[in-house]
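Novice: here is my input, please return the structure:
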Amino acid sequence: MEKKKIFKVEDSNVAGLGSDMDKKCRVDAAATEKAWAKAGKKPGMQIWRIEKFQVKTSQTPLGTFYKDDSYICLNTYKVPDSEKLAWDIHFWLGETTSQDEAGTAAYKTVELDDFLGGAPIQHRECCGYESHMFCDYFKESGGVKLLEGGIESGFNIVKPEEYKPRLLHLKGRKNIRIEEVPLKMASLNAGDVFILDAGMDLFQWQGKKAGKNEKARAGQLSRAIDDERRGKPEVYVISQGDKDEGDFFKYFEDQSAEAIAAIPDEVGDDAEWEKTSEKRLFQVSNSSGSLEMKMISEGTVKKSQLVSDDVMIFDIGSEVFVWAGKGADKEEKKSSMSFAGKYLVDYKRPAFLPISAILEGGENETFNSSFDKE
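Specialist: A predicted model of the protein is given here:
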C-alpha cells in the first residue's frame, strides 16, 4: 500500500496572497463562484469541501471532517444588540490533504472574505489541533470528529447494520477532539474515553482515569450518532473494569486477557497544543524604510500596546493572531501572514497552531480577553 503523504502546514501558501492584482482577480472570481450565492445570508454554519479544485457543499454530518480533505467553514452570527451580521471563516486542512487542496482552501477562503466585503475574521485550522472557537461550533453535534479517508468516504452512505466497526478516541481538557484510531487493543488507554461504533451498537468505554469533560463529550457524541440513525442503535456505557466489558472487547480481533491487563494507565498529554507558553506581541512595520518585525512585549501584553498604524502579531499560546490596524498600509497587511509563519519557525512554535487574521474594530472575545490588565 502506498504511504500517504502528510501535508506540512508550514508549506501552506496562504502567505503569498495579497497583491493588488491578486485581490482584483479574487473579487472578480468571487462574484462568479456559485458556492457563495447563499453564503453568509443568515446566522448559522455553512461548510464546503474542496473537491478537485472546486468548492462543494459538504455532505458529511456536522462536525465530521476527513483527513484526506480540506474544508471551508463559515459561521454567520448577529452582532449583539443589533441586526447586523458578522462572520468567521475557518479553512481546515486535513493531515493527509494534498498541497493543491490546501492551497485551494486558503485561496477560496480569501475569495469568500472578499465576497462578504472583507469584514469576516479568517482562521487557519489544522487537523487534530483545532482552536477552542472551532471546537465550540460542534458541541451540540458531539464535537469535531476526525475520520480516515476523503471524498469517497464522505459519499459512501452505508446502512447502520452494514457498518464496519470503527473505534473513536476522545481526548482533551477544554477542546475535546475525536479521532478514528485502529480497532486494536493497543489503541486503548486508561486516561481517555473511546466509542466503538458498530452500527446498531454503540459502546462508550471510559478509562478509569478519563476526565469528566471527555465523558460528557462522549455522551453527546453517542446521542448525536444515535439521532443520525433515528434512534435505532443500542447505546452502552461501560467503565473500565466493569463485568460487561466483554461485550466491548469482542469486537477487537487481538483481544485477550493479557491484552486487557496490558492497557496502559498512563494518561499522556491531553493535547500538547492546549498548553500555553508566554504571550508575545510583535509589530510589523515599514516605518524604517524596510519591512521588519520586532518584539514589543513578552510575558505581559496589554491592549494599549497595539499600534493602529501597523500590523501586530499576538501569540496567546494556543493561537496566533495577525491584527491589522486601521492605519496599516498594503505592504504591511499583505506580508503579515508570512511574518506569522516566520515567527512560528524562528521561535520554534508548533507549525499547527491556529492563525487568525483580524482587522482593528473586528476583534473577537478570545483576542480581547487574552490581554493583561492595564
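Novice: which ones are touching the residue lying closest to residue 225 once chain neighbours are set aside?
Specialist: Leaving aside its sequence neighbours, residue 225 sits nearest to residue 202 (CB to CB, 6 or more residues apart in numbering; 6.0 Å). For glycine as for every other residue, the C-beta is placed from the backbone atoms N, C-alpha and C. Each residue near residue 202 by CB atoms under 8 Å, 6 or more residues apart in numbering is listed here: 195-196, 222, 225-226, 233-236.
Novice: three-state assignment of residue 202?
Specialist: The three-state label for residue 202, taken from DSSP: H, G, I helix; E, B strand; the rest coil, comes out as strand.
Novice: that one pairs with what?
Specialist: For residue 202, the beta-bridge partners under DSSP bridges are residue 197, residue 235.
Novice: measure it to residue 177 for me?
Specialist: As defined by CB to CB, to the nearest Å, residue 202 lies at a distance of 19 Å from residue 177.
Novice: with residue 290 instead?
Specialist: Relative to residue 177, and taking CB to CB, residue 290 is found at 41 Å.
Novice: cool, and residue 150?
Specialist: With the distance defined as CB to CB, residue 150 ends up 19 Å from residue 177.
Novice: and residue 259, how many neighbours?
Specialist: A count of nearby residues for residue 259, using other CB atoms under 10 Å, gives 15.
Novice: can you give me the pLDDT of the closest residue to residue 150 other than its chain neighbours?
Specialist: The shortest distance from residue 150 to any residue that is not its chain neighbour, by CB to CB, 6+ apart, is 2.9 Å, and that residue is residue 68. The per-residue pLDDT reported for residue 68 equals 90.
Novice: can you give me the helices in the stretch 51-200 of the chain?
Specialist: Secondary structure of the stretch 51-200 of the chain (DSSP state H, counting those that start in this stretch): helices located at 99-115, 132-137, 151-154.
Novice: mean neighbour count, those: which tops it?
Specialist: For the helices of the stretch 51-200 of the chain, average neighbour numbers computed from mean count of other CB atoms under 10 Å are highest in helix 99-115, which has a mean of 22.
Novice: average pLDDT across that helix?
Specialist: The predicted model assigns helix 99-115 a mean pLDDT of 87.
Novice: got the CA positions of it in PDB?
Specialist: What follows is helix 99-115 as a C-alpha-only set of coordinates in PDB (Å, rounded to 0.1, in the frame of the first residue of the first chain):
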ATOM      1  CA  GLN A  99      -0.900  20.500  -1.300                       C
ATOM      2  CA  ASP A 100      -3.200  21.600  -4.100                       C
ATOM      3  CA  GLU A 101      -6.400  21.100  -2.000                       C
ATOM      4  CA  ALA A 102      -4.800  23.100   0.900                       C
ATOM      5  CA  GLY A 103      -3.800  25.900  -1.400                       C
ATOM      6  CA  THR A 104      -7.300  26.000  -2.900                       C
ATOM      7  CA  ALA A 105      -8.900  26.100   0.500                       C
ATOM      8  CA  ALA A 106      -6.600  29.000   1.500                       C
ATOM      9  CA  TYR A 107      -7.200  30.900  -1.700                       C
ATOM     10  CA  LYS A 108     -11.000  30.400  -1.700                       C
ATOM     11  CA  THR A 109     -11.200  31.500   1.900                       C
ATOM     12  CA  VAL A 110      -9.700  34.900   1.000                       C
ATOM     13  CA  GLU A 111     -12.100  34.900  -2.000                       C
ATOM     14  CA  LEU A 112     -15.100  34.300   0.300                       C
ATOM     15  CA  ASP A 113     -13.800  37.100   2.600                       C
ATOM     16  CA  ASP A 114     -13.800  39.400  -0.400                       C
ATOM     17  CA  PHE A 115     -17.300  38.300  -1.400                       C
END
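Novice: which helices and strands does that helix pack with?
Specialist: Counting contacts by 3 or more CB pairs under 8 Å, 6 or more residues apart in numbering; DSSP states H and E, helix 99-115 packs against helix 20-32, strand 44-51, strand 70-78, strand 85-93, strand 121-126.
Novice: turn these into a markdown table, including mean neighbour count.
Specialist: A markdown table is the format used below for the helices and strands packed on helix 99-115 (neighbours: other CB atoms under 10 Å):
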| stretch | mean neighbour count |
| --- | --- |
| helix 20-32 | 13 |
| strand 44-51 | 20 |
| strand 70-78 | 20 |
| strand 85-93 | 22 |
| strand 121-126 | 23 |
